[in-house]
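Visitor: coords please:
(2 chains, ligands or ions: 2)
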Amino acid sequence: MANIITTSGLCKQYGAAMGVKDLDLSVPEGVIYGFLGPNGAGKSTTMKMILGLAKPTRGTITVFDKQVNRRNRLAILKETGSLIEALSFYAHLTGKENLKIISTLKELPDSEIDRVLKFVRLEDQKNKKAGQYSLGMKQRLGLAGALLGNPRLLILDEPTNGLDPAGIQEIRELICSLPKSFGITVMVSSHLLSEIDQMAGHIGVISKGELVFQDRLSVLHDRSESRIAIRTLDNIAAGSVLGSQGITCQEQEGYLLIPKLNDNQLAGYFMSFLKEDIGVVCIEERKKTLEDIFLELTGMVVKL
Amino acid sequence: MKGILLEFYKIRRRKIWVIILVLLGVQCLWGLWAFRDMNEKKLSQGYMQCLYHFTVLNTIMMPMVAAITASKICDLEHKGQTFKLLMTVMPAGKLFDAKFICASMYMVAVGAAQMIFIIVLGKAAGFTEPFPPGYLFYYFVITIFVTVVILSIQQAFSLLFSNQMVSFVIGITGSFAGLFSLFLPRNIQRGILWSYYGVLMPVRMNWDSQTRIADLQYIPVDWSSFWLLTGLFAVIYFTGRRCFIRKER
Ligand SMILES: Nc1ncnc2c1ncn2[C@@H]1O[C@H](COP(=O)(O)OP(=O)(O)OP(=O)(O)O)[C@@H](O)[C@H]1O
Ligand SMILES: [Mg+2]
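Guide: Ligands and ions are numbered 1, 2, ... in the order given. The predicted structure follows:
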């Protein structure tokens, strides 16, 4: 599968600190790529660099197989729609007039405006001033603007920020339908894994400016398999019993963690513990949630 | 062209011309007040009187008109945080040019309105001085030119700083500097952008301290100052434009 966006060694320095460090992203065509990271990780900065709004300190960006530079960036961006950080709109103009400005600049017919307004379900409010829109409506207006001209690539920075659950659901559904119905590749950022989980096929996780994971989301799901935690009166002895049977285990906070086994196997090990006079205190099944993995990846695990 | 039309589209319902008209009205009333007692001498120098007084008034009022217009046209982008959006569909330099041309058109309109006011006043008050189309046109050109140069500095600050107080302070400071510099030697005046209304003025006042009579006369165009201002304009405009292009959003 061809990549729509590729960055290599992308860096952005702010003063002495690195906002983004040696980022190698690859966003495949026709997918929803979730760009995940905690606050201040560098998501917006990366997206701004891809859009040419900020100048990379080092590194290259390739979009649609063309390396982006100052001269060709607008030609490349013609096929791109974007929504970055806080919403951009003229409060004293109506929703329709706001879209008219972008469509004029992109040299699109007025029928495009009606099409996107319909898509984001704002037709009834199109003649209301954008300043009087609710947050959800503003968000949808921004999405409509990004969709003008049916771009091949959509870059959305936290498009559901500040919305209520219903609004989030609505925007999510709109985004999810894009690759299938229009063949649009979407790169969407968020600081919530649960949200990305419901939209994206591929994800990139960024933490403190560095990419810590990038692959299909299913790969991350595989990591979230469950494990068995056992506490015994003598964990060291129990560990060596397991080791002699070829089971790798690690000790953590007084528990032995072993991979999930079938019930018969497990029962067999308890028998051998008892034979060795090792008292078993507690057995539990532990499931790592995606959220745990995310926190681990981003190094944001809170150690109590 | 597209960009310029869009600038006018964006300032719909913002009623920029209202504040410009108010300032223009104030200036015209102020100008009228200078003509409250017309004697024969004054009527015989009517147009010179007009050009002289209006130049002084321009020094005070036009920098404010330029500052307000520039601020109104630029502020809406800061308020709407629309630079991020626009810069992905148009080059920053084009936006800068479009805004400048849009605002300049207002300045041309103000200059034209002043000219019309002077002509109407001349007819109504019955100036006995022969109508000087050349000098009037020259006045029209330099009023717009100086204002547009001031506009370019105002626009740069209005775009670069989201806080519009910065550009207002510059506008007001400039306007006072210009007024004050009218009493300074010519060479110092030429170093102050805001005093060029006076520097390029087509009329001179001769104050005869013995007879205590002020007499006005036309003077030839000061081309060296004109070209100096043109140079200043180019420097200011392109520095402002460059800073704007380089700024990250
Ligand atoms: N213009 C700037 N000047 C200086 N530092 C900046 C600037 N923009 C961003 N940064 C820094 O770069 C880092 C990354 O910021 P960025 O806005 O990209 O984070 P983010 O991942 O979008 O976070 P959030 O989820 O809060 O939006 C932060 O530490 C921030 O302080
Ligand atoms: Mg951000």
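Visitor: so which residue of chain B comes closest to ligand 1?
Guide: Residue of chain B nearest ligand 1, by Cβ to the nearest ligand atom: residue B:248 (6.5 Å). Backbone N, C-alpha and C define where each C-beta goes, glycine included.
Visitor: how far away is that residue from chain A?
Guide: The gap separating residue B:248 from chain A is 5 Å, by Cβ to the nearest Cβ, to the nearest Å.
Visitor: surely that residue touches residue A:51?
Guide: No - applying Cβ atoms under 8 Å as the test, residue B:248 and residue A:51 come out as separate, 11.3 Å apart.
Visitor: what is the burial count for the residue in the stretch 101-250 of chain A that ligand 1 sits nearest to?
Guide: Proximity of the stretch 101-250 of chain A to ligand 1 (Cβ to the nearest ligand atom) peaks at residue A:191, 4.8 Å away. If you count neighbours by other Cβ atoms under 10 Å in any protein chain shown, residue A:191 ends up with 17.
Visitor: OK, contacts around it?
Guide: Residue A:191 is in contact with A:36, A:37, A:38, A:39, A:41, A:43, A:158, counting by Cβ atoms under 8 Å, 6 or more residues apart in numbering or on different chains.
Visitor: if we go to 7 Å?
Guide: With contact taken as Cβ atoms under 7 Å, 6 or more residues apart in numbering or on different chains, residue A:191 is in contact with A:37, A:38, A:39.
Visitor: present these as CSV; the columns should include distance to residue A:173, secondary structure and neighbour count.
Guide: Output for those, formatted as CSV (distance: Cβ to Cβ, whole Å; DSSP: H, G, I helix; E, B strand; the rest coil; neighbours: other Cβ atoms under 10 Å in any protein chain shown):
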residue, distance to residue A:173, secondary structure, neighbour count
A:37, 24, coil, 26
A:38, 26, coil, 17
A:39, 26, coil, 6
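Visitor: which of those lies closest to residue B:170?
Guide: Closest approach to residue B:170 among these (Cβ to Cβ): residue A:39, at 36.6 Å.
Visitor: need phi/psi at that closest one.
Guide: Residue A:39 adopts backbone torsions of phi -60, psi 140, taken as degrees, to the nearest 10.
Visitor: and the contacts of the host helix or strand of residue B:18?
Guide: Counting by DSSP states H and E, the element that carries residue B:18 is helix B:16-34. Residues outside helix B:16-34 that contact it (Cβ under 7 Å, 6+ apart): B:53-54, B:57, B:61, B:64-65, B:68-69, B:72, B:106, B:110, B:113, B:117.
Visitor: one more pass at 8 Å, please.
Guide: Here helix B:16-34 makes contact (Cβ under 8 Å, 6+ apart) with B:49-50, B:53-54, B:57-58, B:61, B:64-65, B:68-69, B:72-73, B:106, B:109-110, B:113-114, B:117, B:121.
Visitor: so for the next helix or strand after that helix, what gets flagged as buried?
Guide: Counting by DSSP H and E, the next helix or strand C-terminal to helix B:16-34 is helix B:40-44. Neighbour counts over helix B:40-44 (16 or more other Cβ atoms under 10 Å in any protein chain shown) mark B:42, B:43 as buried.
Visitor: tell me which other helices or strands helix B:40-44 touches.
Guide: Here helix B:40-44 touches no other helix or strand, going by 3 or more Cβ pairs under 8 Å, 6 or more residues apart in numbering or on different chains; DSSP states H and E.
Visitor: let's go with 10 Å and repeat that
Guide: For helix B:40-44, the packing partners by 3 or more Cβ pairs under 10 Å, 6 or more residues apart in numbering or on different chains; DSSP states H and E come out as helix B:46-80, helix B:92-125, strand B:213-218.
Visitor: model confidence over it, on average?
Guide: Across helix B:40-44, pLDDT averages out at 81.
Visitor: name the nearest residue to the residue in the stretch 1-150 of chain A positioned nearest to chain B, sequence neighbours excluded.
Guide: Closest residue of the stretch 1-150 of chain A to chain B, Cβ to the nearest Cβ: residue A:88 (3.9 Å). In this structure, residue A:88 finds its nearest non-sequential neighbour in residue B:85, 3.9 Å apart by Cβ to Cβ, 6 or more residues apart in numbering or on different chains.
Visitor: who are the contact partners of that neighbour?
Guide: Each residue near residue B:85 by Cβ atoms under 10 Å, 6 or more residues apart in numbering or on different chains is listed here: A:53, A:82-84, A:87-89, A:98, A:101-102, A:105, A:142, A:145-146, B:77, B:249.
Visitor: highest neighbour count among these?
Guide: With neighbours taken as other Cβ under 10 Å, the top of those is residue A:98, carrying 29 neighbours.
Visitor: around chain A, which positions in chain B sit nearby?
Guide: Contact residues, chain B versus chain A (Cβ under 10 Å from any Cβ of the partner chain): B:2-3, B:5-6, B:9-14, B:76-77, B:79-92, B:94-95, B:245-246, B:248-249.
Visitor: where does chain B have low pLDDT?
Guide: Low-confidence segments of chain B, defined by pLDDT under 70, are absent.
Visitor: closest to the centroid, which residue in it?
Guide: In chain B, the centroid-proximal residue (Cα atoms, centre = their mean) is residue B:147; its distance is 2.5 Å.
Visitor: quick check: that residue vs chain A, distance?
Guide: Distance, residue B:147 to chain A, by Cβ to the nearest Cβ: 26 Å.
Visitor: picking that back up, dump the helices and strands packed on helix B:40-44 into a markdown table; add distance to ligand 1 as well.
Guide: Shown next, in a markdown table, are the helices and strands packed on helix B:40-44 (distance: least, Cβ to the nearest ligand atom, whole Å):
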| stretch | distance to ligand 1 |
| --- | --- |
| helix B:46-80 | 15 |
| helix B:92-125 | 16 |
| strand B:213-218 | 55 |
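Visitor: which among the ones you listed is found nearest to residue B:180?
Guide: Nearest of the helices and strands packed on helix B:40-44 (Cβ to Cβ): helix B:46-80, 9.6 Å.
Visitor: among the contacts of residue B:85, which lie within strands?
Guide: Members of those lying in strands (criterion: DSSP state E): A:82, A:83.
Visitor: list just the nearest of the contacts of residue B:85 to residue A:197.
Guide: Out of the contacts of residue B:85, the member with the shortest distance to residue A:197 (by Cβ to Cβ) is residue A:83, at 20.6 Å.
Visitor: who does the closest one bridge with?
Guide: Here residue A:83 sits in beta bridges with residue A:156, going by DSSP bridges.
Visitor: which residues of the stretch 1-150 of chain A lie near ligand 1?
Guide: Listed as neighbours of ligand 1 in the stretch 1-150 of chain A under the rule Cβ under 6 Å from any ligand atom: A:14, A:19, A:37, A:39, A:40, A:41, A:42, A:43, A:44, A:45.
Visitor: quick one on the thing from earlier: only whichever of the residues of chain B next to chain A are buried, select them in PyMOL.
Guide: Remark: buried members of the residues of chain B next to chain A, expressed as a PyMOL selection using 16+ other Cβ under 10 Å:
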select buried, chain B and resi 3+6+10+11+14+76+77+80+81+82+83+84+85+86+87+88+89+90+92+94+95+249
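Visitor: residue A:67: how many residues sit nearby?
Guide: By other Cβ under 10 Å, 12 other residues sit near residue A:67.
Visitor: and the one 10 residues further on, by the same measure?
Guide: When neighbours are counted by other Cβ under 10 Å, residue A:77 registers 22.
Visitor: how much space separates the residue lying closest to it once chain neighbours are set aside from residue A:107?
Guide: Nearest residue to residue A:77, sequence neighbours excluded (Cβ to Cβ, 6+ apart): residue B:88, at 5.1 Å. To residue A:107, residue B:88 is 14 Å away according to Cβ to Cβ, to the nearest Å.
Visitor: how about residue B:86?
Guide: According to Cβ to Cβ, residue B:86 stands 15 Å off from residue A:107.
Visitor: next: residue A:24.
Guide: 35 Å.
Visitor: one more: residue A:229?
Guide: Applying Cβ to Cβ to residue A:229 and residue A:107 gives a distance of 62 Å.
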